[in-house]
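# quick one, structure for this:
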Amino acid sequence: MMDTQVDRELLEKIADLIGKPVGAFNIRKDCGCDGRVSTEHIKIDDRTDGHAGIDIRILDGTKGETCHIPVIITKSGVEETVYNDFYIGEDCDVEIVAGCGIHNCGVQNSQHDGIHTFHVGKNARVRYIERHYGEGDGNGENIMNPTTVVELGEGSYMEMETTQIKGVDSTIRTTRATLGPDATLIIHEKVMTHGKQHAKSDFTVDLNGAGCHTNVISRSVARGQSHQVFMARINGNAPCYGHSECDAIIMDQGVVSAIPEVTANCLDAQLVHEAAIGKIAGEQLTKLMTLGLTEKEAEEQIVNGFLK
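Have a look, this model is predicted:
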């Protein structure tokens, strides 16, 4: 586990891991398990249905624990689809840290498609963090296509923080969520693309339970000749509140498309969508440049603050 400098650097970038994780963890490397620990309250087991991946079961009432499940790929030509299912008991309060890092110095593409399904019990709270990162000096592409399926039970709460740091040539992020009564889903997405990269985010949230709530927020920066698509569908099927927001900065020849959609199938559904796309304002650059920054330094500071 963490045998090489590349391993250690990837794990630090995607999961803030320095040394062996504390608590339950499963580290996947190049299509295999590179280390696993279960705890008294969090059990991690191989799937038994023939698919690659794991089942994570968190017992009722588990609080204050973190589970790390990062994936790293260090070889060119690796392609995998992995299924991870999370069964989170009632009255839990836990954090789950995932993510994928690819180091590709070859000529073949490396690809990880991760399908994560969350079954969140009554009155449970979950914070889910997922970061994607790619690097390498070869001609092979780094491809990641994450799918997240969320089923929130009565009174449960889930916050998702998804970040595409850099170096991902192509990604399609698909998120499907179903909310029960008084459940809450908060999604914060941050995406950076450059060169000729392509990123698509496709969110669908079904607000089925009375009193449920969602807030889907995306912030992105498209540089070079990269292209991004943001799609958010919120279906209000009960007395509920839903909000989606896309804020994007375009630079160079970057292109961003925002396609929000809200559907009220209930008289007492309150749904809002917002989208704003544009370049960095000239006055922002001028203000920072009067403080001694170059134009490039000023741009970087604005972008970093926007994606923070």
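# C-alpha from now on. contacts and neighbour counts both.
Will do.
# where do the strands of the stretch 151-300 of the chain begin and end?
Ranges of strands in the stretch 151-300 of the chain, per DSSP state E, counting those that start in this stretch, are 157-166, 170-179, 184-193, 198-207, 212-222, 227-236, 240-250, 255-264, 269-278.
# save these as JSON lines, and put in mean neighbour count and distance to Arg57 too.
Output for the strands of the stretch 151-300 of the chain, formatted as JSON lines (neighbours: other CA atoms under 10 Å; distance: least, CA to CA, whole Å):
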{"stretch": "strand 157-166", "mean neighbour count": "20", "distance to Arg57": "16"}
{"stretch": "strand 170-179", "mean neighbour count": "19", "distance to Arg57": "19"}
{"stretch": "strand 184-193", "mean neighbour count": "21", "distance to Arg57": "20"}
{"stretch": "strand 198-207", "mean neighbour count": "22", "distance to Arg57": "24"}
{"stretch": "strand 212-222", "mean neighbour count": "24", "distance to Arg57": "25"}
{"stretch": "strand 227-236", "mean neighbour count": "22", "distance to Arg57": "29"}
{"stretch": "strand 240-250", "mean neighbour count": "22", "distance to Arg57": "29"}
{"stretch": "strand 255-264", "mean neighbour count": "18", "distance to Arg57": "34"}
{"stretch": "strand 269-278", "mean neighbour count": "16", "distance to Arg57": "34"}
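# any idea which of the ones you listed gets closest to Val120?
strand 157-166 (8.4 Å; CA to CA).
# which residues are contacting the closest one?
Residues outside strand 157-166 that contact it (CA atoms under 8 Å, 6 or more residues apart in numbering): 123-135, 152, 183-194.
# and that strand, average pLDDT?
Mean per-residue pLDDT for strand 157-166: 94.
# run the chain-centre distance for it.
Chain-centre distance of strand 157-166: 4 Å, with CA atoms, centre = their mean, to the nearest Å.
# same question for stretch 50-64.
Averaging C-alpha positions (CA atoms, centre = their mean) puts stretch 50-64 19 Å from its chain's average.
# how far away is Ile129 from Glu95?
Distance, Ile129 to Glu95, using CA to CA, to the nearest Å: 8 Å.
# please apply the same query to Thr204.
Shown here: Thr204 relative to Glu95, a distance of 23 Å by CA to CA.
# go on, Leu285?
For Leu285, the distance to Glu95 - CA to CA - is 38 Å.
# span of stretch 281-301 from start to end?
Start-to-end span of stretch 281-301 (CA to CA) is 13 Å.
# what is the mean pLDDT for it?
For stretch 281-301, mean pLDDT is 83.
# buried ones in it?
Going by neighbour count (16 or more other CA atoms under 10 Å), the buried part of stretch 281-301 is 285, 288-289, 298-299.
# give the helix, strand or coil label for Asp7.
Secondary structure, DSSP: H, G, I helix; E, B strand; the rest coil: Asp7 is helix.
# confirm Gln111 sits in a strand?
Yes. Counting by three-state DSSP, Gln111 is part of a strand.
# hmm, Ser76 and it touching each other?
No. Gln111 is not in contact with Ser76 according to CA atoms under 8 Å; the separation is 9.2 Å.
# any low-confidence regions in the stretch 1-150 of the chain?
In the predicted model of the stretch 1-150 of the chain, residues 1-2 satisfy pLDDT under 70.
# and with 90 instead?
Residues of the stretch 1-150 of the chain that meet the criterion pLDDT under 90 lie in 1-3, 18-22, 137-139.
# mind listing what Leu59 touches?
41-42, 88-90, 92.
# any quick PyMOL command for the buried ones out of these?
Restricted to buried positions by 16+ other CA under 10 Å, the PyMOL selection for the contacts of Leu59 reads:
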select buried, resi 42+88+89+90+92
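# name the nearest of the contacts of Leu59 relative to Thr66.
Nearest to Thr66, judged by CA to CA, of the contacts of Leu59 is Ile42 at 9.1 Å.
# excluding its backbone neighbours, what's nearest the closest one?
Of all residues not flanking Ile42 in the chain, Ile58 sits nearest, at 4.6 Å (CA to CA, 6 or more residues apart in numbering).
# again with Glu141
Asn109 (4.6 Å).
# what's the neighbour count on that neighbour?
Residues within reach of Asn109, counting by other CA atoms under 10 Å, total 19.
# contact partners for it?
By CA under 8 Å, 6+ apart, the contact set of Asn109 is 76-79, 140-143.
# any idea which of the residues you listed has the most stuff around it?
Per-residue neighbour counts (other CA under 10 Å) across these peak at Asn142, which has 28 neighbours.
# any idea how far Ser201 is from that one?
Asn142 is 17 Å from Ser201, by CA to CA.
# how about Met231?
Applying CA to CA, the value for Met231 to Ser201 is 6 Å.
# could you do Val168 as well?
Val168 is 14 Å from Ser201, by CA to CA.
# equivalent analysis for Arg127, please.
Arg127 is 20 Å from Ser201, by CA to CA.
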